[in-house]
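Student: Next input, structure requested:
(one chain, ligands or ions: 2)
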Amino acid sequence: MGYTQGLVCRECGAKYDLAPLHVCEACFGPLEVTYDYAAIRASISREEIERGPKSVWRYRKLLPVEDEPVVDLQTGFTPLLKAENLGRLLGLRNLYIKNDTVNPSFSFKDRPVTVAATRARAFGFDTIACASTGNLAAAVAAHAAKAAMKCVVFIPADLEPSKIVNIAVYGPTLVGIRGSYDDVNRLCAEIADRYGWAFVNINLRPYYAEGSKTLAYEVAEQLGWRAPDSVIVPTASGALFTRIARGFQELSDLGLISTAHTHMGLAQAAGCSPIVAAHEASSLTVRPVKPSTIAKSLAIGNPADGYYCLKTIRETNGFAGSVSDEEIVAGMKLLARTEGVFAETAGGVAIGVLKKAAESGQLDPDETVVVYVTGNGLKTPEAVADTSRISVTIGSTMDAFEAALRTQSALEPVHA
Ligand SMILES: *Cc1c(COP(=O)(O)O)cnc(C)c1O
Ligand SMILES: [Zn+2]
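Tutor: Residues are numbered from 1 along each chain as shown. Ligands and ions are numbered 1, 2, ... in the order given. Model prediction:
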């Protein structure tokens, strides 16, 4: 048996057994997983976690599974890089990049999906599905392949070509919708009701969301069992942002780290920043927007967890920022050229907001800052297509090379 007790309504506290449910029947509030923390506390330790698998499953006791086998592509345990070069440029002495571009399907979405797919199989579903801005569909399709389950994924039809390949290669039924993600999501909620499929981010959302807590656990463990002072999280629906905050809180409640005081920084693209706008208006009410940004993975105009994100920013003395498409591209290039990490547009959003926060004095030069870089640059190469250039092209002889060498500037870096 695992340590999961059941589901509870976040608003009215009504309790439910573990089931593929996501809204409270009494008040329509969101349902969340509850755990037997006393039992976890009695059995968990840093040493036991450190001996575990090199994947998110080393934190199994804190994830909503029982004793079923997991659908496992060895997601997680990704590098936490000390960003010396970027830190020097921004005046931050303890800056880290959590490099989640190197997960099995190349984004952090493998974390929530390994948990949701495991639960879907345990609940007896034969078809796994999702409404996606792109990366979720890839993660669902990859895990469905591994679990030998049927897979139907729904995306806005105008996604980047590389993302479509990154989904289709795993062999799902891929449905493109003429419309925004919010249109896709609305349709999928109806399909989930009618067809009895496991939609990871709809009827399995309580289990799905929990997988993202591992991005807090890993960072704390990699920092030598402590929480960072500030983090920056690229945000769409808000599930990732709220669960990272929850993850630090849980580790501190369990005594695995000392009390966490992490300032939660939320990053959105200016072309889709409903949560940032509400925060700047000191409101807890998110006004839905129509997205228009190159950061398509973050283009959710009506974020399901927006209200809880705003509460988390308040409770953690956090912050929120947004950046233009130009700043997103500049952020992608800056990260690649200073730290050797090629991130997708969402990474450019996080780096752009980091830069603003550093320049405005929001971040202290000595504090420990972690930026979550959540998706791989090869998913959105068109954003930096202007970098596709060769310094000089020559024949394969020493003479040709030395002739080029004598030509002033021929061997300059492509983007000096
Ligand atoms: C989905 C996604 C996010 C945001 O996730 P939410 O939980 O919806 O806020 C961030 N980065 C990338 C690359 C994503 O694909
Ligand atoms: Zn309720």
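
Student: who does the strand or helix carrying T34 touch, helix- and strand-wise?
Tutor: Using DSSP states H and E, T34 sits in strand 31-35. Judged by 3 or more CB pairs under 8 Å, 6 or more residues apart in numbering; DSSP states H and E, strand 31-35 is in contact with strand 4-9, helix 205-210. Backbone N, C-alpha and C define where each C-beta goes, glycine included.

Student: Is there any residue in the first one that contacts ligand 2?
Tutor: The reference is to strand 4-9. Yes - against ligand 2, strand 4-9 shows contacts by CB under 5 Å from the ion at C9.

Student: What's the first helix or strand after that strand?
Tutor: strand 15-16.

Student: in the stretch 251-400 of the chain, which spans are helices?
Tutor: With DSSP state H, counting those that start in this stretch as the criterion, the stretch 251-400 of the chain has helices at 274-280, 306-315, 325-339, 345-359, 398-406.

Student: Off-centre distance for the second one?
Tutor: What it means is helix 306-315. Helix 306-315 sits 17 Å away from the centroid of its parent chain (CA atoms, centre = their mean, to the nearest Å).

Student: Counting by contacts, list what that helix packs against.
Tutor: By 3+ CB pairs under 8 Å, 6+ apart, helix 306-315 packs against helix 239-253, strand 263-269, helix 274-280.

Student: Equivalent analysis for the first one, please.
Tutor: Secondary structure elements in contact with helix 274-280, counted by 3+ CB pairs under 8 Å, 6+ apart, are strand 263-269, helix 306-315, strand 319-323.

Student: deepest of those, which one?
Tutor: Looking across these with neighbours counted as mean count of other CB atoms under 10 Å, the highest average goes to strand 263-269: a mean of 27.

Student: Looking at strand pairing, list the partners for N376.
Tutor: On the basis of DSSP bridges, N376 is bridged to A343.

Student: Quick one: neighbours of the closest residue in space to A216 that isn't next to it in sequence, just the number.
Tutor: Spatial nearest neighbour of A216, chain neighbours left out: G247 (2.6 Å); criterion: CB to CB, 6 or more residues apart in numbering. Other residues near G247 come to 25 when the count uses other CB atoms under 10 Å.

Student: quick one: G247 and P79, what's the gap?
Tutor: 18 Å (CB to CB, to the nearest Å).

Student: Please apply the same query to V33.
Tutor: 28 Å.

Student: For the protein, give me the ranges with low pLDDT.
Tutor: Residues of the chain meeting the criterion pLDDT under 70: 1, 408, 415-416.

Student: which residues does G306 contact?
Tutor: Applying CB atoms under 8 Å, 6 or more residues apart in numbering, one finds that G306 lies in contact with 237-238, 274-275, 278, 286.

Student: For the residue lying closest to it once chain neighbours are set aside, give its distance to P303.
Tutor: In space, and not counting its chain neighbours, G306 is closest to V286: 3.6 Å by CB to CB, 6+ apart. Distance, V286 to P303, using CB to CB: 6 Å.

Student: same question, A278
Tutor: With CB to CB as the criterion, A278 and P303 are 10 Å apart.

Student: what sits in contact with each of these two?
Tutor: Joint contacts of A278 and P303 (CB under 8 Å, 6+ apart) are V286.

Student: Show me which of those two is the more surrounded one.
Tutor: Per other CB under 10 Å, whichever of A278 and P303 has more neighbours is P303, with 25 against 21.

Student: can you tell me the residue of the stretch 201-350 of the chain closest to ligand 2?
Tutor: P206 (12.9 Å; CB to the ion).

Student: if we can go back for a sec, do you know which of the helices and strands packed on strand 31-35 lies nearest ligand 1?
Tutor: Across these, ligand 1 has its closest neighbour in helix 205-210 (7.7 Å, CB to the nearest ligand atom).

Student: what's the closest one packed up against?
Tutor: Counting by 3+ CB pairs under 8 Å, 6+ apart, helix 205-210 packs on strand 31-35, helix 110-122, helix 239-253.

Student: Which positions in the stretch 301-416 of the chain make contact with ligand 1?
Tutor: 344, 346, 374-375 (CB under 6 Å from any ligand atom).

Student: how does it look with 8 Å?
Tutor: The stretch 301-416 of the chain comes close to ligand 1 at residues 303, 305, 344, 346-347, 372, 374-375, 379, as judged by CB under 8 Å from any ligand atom.

Student: quick one, what contacts the closest residue to A209 other than its chain neighbours?
Tutor: Leaving aside its chain neighbours, A209 sits nearest to A239 (4.6 Å; criterion: CB to CB, 6+ apart). By CB under 8 Å, 6+ apart, A239 lies in contact with 112, 201, 205, 208-209, 212, 304-305.
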